[in-house]
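1. Compute the structure for the input listed below.
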Amino acid sequence: MTTESTGKDNFLKVLGIESVKVRGDVILFSVGKLFCGRKILVVEGLAGSVAETSGDEVIHFLRAYFNTLNLGFPLEVRTYVTPVNRDAYLRELDKKIENLMLVLEANPTNSKLKTEIEKLRKIRDRVLKTGLSPFDTVAFFSIEACADSEETVMKTLESRAKILENSLEALGIRVRELRGLRKKLILKLFFRPYSWGGSSFIKKLLAAISIPKIRVVDFKGAVLHPFIINARTRFTLRSSGILLGTNVITKEKVYWNLEKSLSPHILVVGPTGSGKTEFLATLVKRLRDVYGIKAIILDVKGEYYSRLIKRGVGVKLARLGEDVGLGLRDIAIRLPRESRVGIITELLINAFTLEHEREVISALYHTLDSVLSDYLVRADWLKEALDYITTFEDGYLCYKVSTILNYIAPFENGNSILNLITDLSSDALIIDLSYAIGVSDALASLTAGAIIKSLELTILSPSRLKNSFIPCTALIFDEGWIYLKRNDIVTHLVRLGRGFGALVALATQDINDIINLGYGLMDNIGLFLALSSPDRSYWSKLSQILRIRRDIEQYSMLLGRGEGVVRISPDPRPLPIKLVLD
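-> Sure, this is the predicted structure:
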């Protein structure tokens, strides 16, 4: 044994590392009585969506990147960087652009070629404008595992490597296992006390085993920078909380931890018969069982009462127009006199989509001001308002405002929503809108607004919010298209995240409703569930929202009722899941 190798072995022993060896494509060593190992994945390339990310989007992407790698086991990235001559690189780019332009002249309709030329020009301009010097990067992800036997270490590393590979692919980072490892190279890169041959030696070995190099000319190289995720990372986002179901690939149970999720809000999409109502009914029961959260459900089809009773949930059923009224008068009385007319007017504007009818809004405001601004609002305030309208000289305004008030009148009187919420003692309150929805969709939206204002005035007042991480109430909006298209107050509630103190669950059949919301609202969804559909265009549209891997997208076409794809914020990875329903 040489003096050099003896010194290196002694150094490793000081670190507690013994018997380093390579078995197949795994580095094995022992630490005390434990067997440990490392498996290496090499970065092959970055998808165009990553490479072309704009400066404004990079922070959002990197946040998702590091959240994705929070897998609960030791993980690190090691890189080897080689500077590239800037002038030579620019000449190379110019030559490529020139050659591609010649090809394009022969085939001017080649859109793919046009895109490639534009991409190269952007890179060239960026280097010229910013003065950035490009460099080539060889990047490795190193996964570690320890156990009582080498076989267990090997199996654990294989499983963790697959998880990491799938997670990175969802973000547009392509990796593969590095096979046929050279012992000296790996010891040099991952056990720093070894220093055979210096930089030139590593260059030769990198070339010998054909490791791909990533040419970096901008911030995208941040994903290749060295970093370590600690082995003690706690991954509780999907391992505790409310049971959702079973991962159809790994067979592991998947939970939603409401306390760890960035947002308490839920969005469910799926065609008719895919299981949206069954999932939400089960969710109501588990929110009660795990977190003690009561639910208020807007039921437009009369489907929830029997389902909740079957699950042992205490339910109070109230039919709008029979057992309960909107109670706009009660809400107005509880509001400050100087703001009550404006707030009630805003509820009606949202419900009846009057945003662009300024004259109608003005006429409606003055009508409500005539009957709601007094200290005591009369019980027959709607009749007084209709009498006031008869003084209008404009027939169109008289027609529009009277139509709105006549829609409201049959659903206003009776025990108000405000009183029901104030005295809520059951696990769940169902407001049945099946009759009201037949009169006008606007009544469902107005009911949602009345509920939210009632919550603000009662159980969600700051003095009663004890734990901001656990919502006080869950609001379940089935047939969410009604509220998403009409009601700014519902989407505003979602944007507030935890700030309001209520969990909002929206379900819809039409995926276009979700796409139209934009990423601003989607970023505030803590749990997103896309239920099964055999329609390929359905999954194609979903890919605009979720980074669905190719294998999951193909598998999703085979999912049946009660199965789907779930994303739990802040983890951007979608998981194929079989729901566990009560």
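
2. Outline the domain layout of the protein.
-> Listed domain ranges for the chain are 3-81+136-229, 85-133, 242-326+414-579, 328-409 (source: automatic domain parsing).

3. Mean pLDDT and mean neighbour count added to these, as CSV?
-> Any C-beta I mention is one placed from the backbone N, CA and C, and that applies to glycine too. Output for the domains of the chain, formatted as CSV (pLDDT from 0 to 100; neighbours: other Cβ atoms under 10 Å):
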stretch, mean pLDDT, mean neighbour count
domain 3-81+136-229, 66, 16
domain 85-133, 79, 13
domain 242-326+414-579, 82, 19
domain 328-409, 91, 16
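
4. Just to be sure, Tyr80 is in a strand?
-> Yes. Under DSSP: H, G, I helix; E, B strand; the rest coil, Tyr80 sits within a strand.

5. beta partners for it?
-> Val138 (DSSP bridges).

6. Next one: it from Val43, what distance?
-> For Tyr80, the distance to Val43 (Cβ to Cβ, to the nearest Å) stands at 11 Å.

7. anything in contact with each of those two?
-> 138-139 (Cβ atoms under 8 Å, 6 or more residues apart in numbering).

8. for the stretch 151-300 of the chain, what spans make up the strands?
-> For the stretch 151-300 of the chain, the strands defined by DSSP state E, counting those that start in this stretch occupy 173-177, 214-216, 227-229, 242-247, 253-256, 266-269, 294-299.

9. Direction included, what does the first one pair up with?
-> Taking DSSP bridges as the criterion, strand 173-177 pairs within the sheet with strand 34-46 (antiparallel).

10. List the contacts of Arg337.
-> 373, 375.

11. For stretch 69-82, what is the distance to the chain centroid?
-> 24 Å (Cα atoms, centre = their mean, to the nearest Å).

12. thought Leu455 was touching Leu503?
-> No. Leu455 is beyond contact range of Leu503, at 11.4 Å (criterion: Cβ atoms under 8 Å).

13. joint contacts of those two?
-> Common neighbours of Leu455 and Leu503 (Cβ under 8 Å, 6+ apart) are 473, 475.

14. which phi and psi does Tyr538 have?
-> When read as degrees, to the nearest 10, the backbone of Tyr538 gives phi -60, psi -50.

15. if I pick the closest residue to it other than its chain neighbours, what's in contact with it?
-> Of all residues not flanking Tyr538 in the chain, Ile511 sits nearest, at 6.2 Å (Cβ to Cβ, 6 or more residues apart in numbering). Contacts for Ile511 (Cβ under 8 Å, 6+ apart) come out as 269, 530, 538, 541-542.

16. Check Asn512 too.
-> Lys541.

17. Before we go further, it is sitting in a strand, right?
-> No. Counting by three-state DSSP, Asn512 is located in no strand; its state is helix.

18. From Val494, how far off is it?
-> Per Cβ to Cβ, Asn512 is found 18 Å from Val494.

19. got it, and Ala170?
-> 24 Å.

20. Could you do Asp125 as well?
-> As defined by Cβ to Cβ, Asp125 lies at a distance of 39 Å from Val494.

21. try Asp423
-> Counting by Cβ to Cβ, the gap from Asp423 to Val494 is 27 Å.

22. likewise Val284?
-> Counting by Cβ to Cβ, the separation of Val284 from Val494 is 18 Å.

23. coming back round to it: out of the strands of the stretch 151-300 of the chain, which gets nearest to Ile97?
-> For those, proximity to Ile97 was assessed by Cβ to Cβ; strand 214-216 is nearest, at 15.6 Å.

24. wait, isn't Ile349 in contact with Glu355?
-> Yes. The pair formed by Ile349 and Glu355 meets the contact definition of Cβ under 8 Å, at 6.4 Å.

25. In the stretch 251-400 of the chain, what residue spans correspond to helices?
-> 276-291, 304-310, 328-334, 337-351, 358-372, 381-389, 395-408 (DSSP state H, counting those that start in this stretch).

26. residues in contact with stretch 302-317?
-> With Cβ under 8 Å, 6+ apart, stretch 302-317 has contacts from 277-278, 280-282, 284-285, 288, 297, 299, 323, 420, 424-430, 432, 434, 476, 478, 582.
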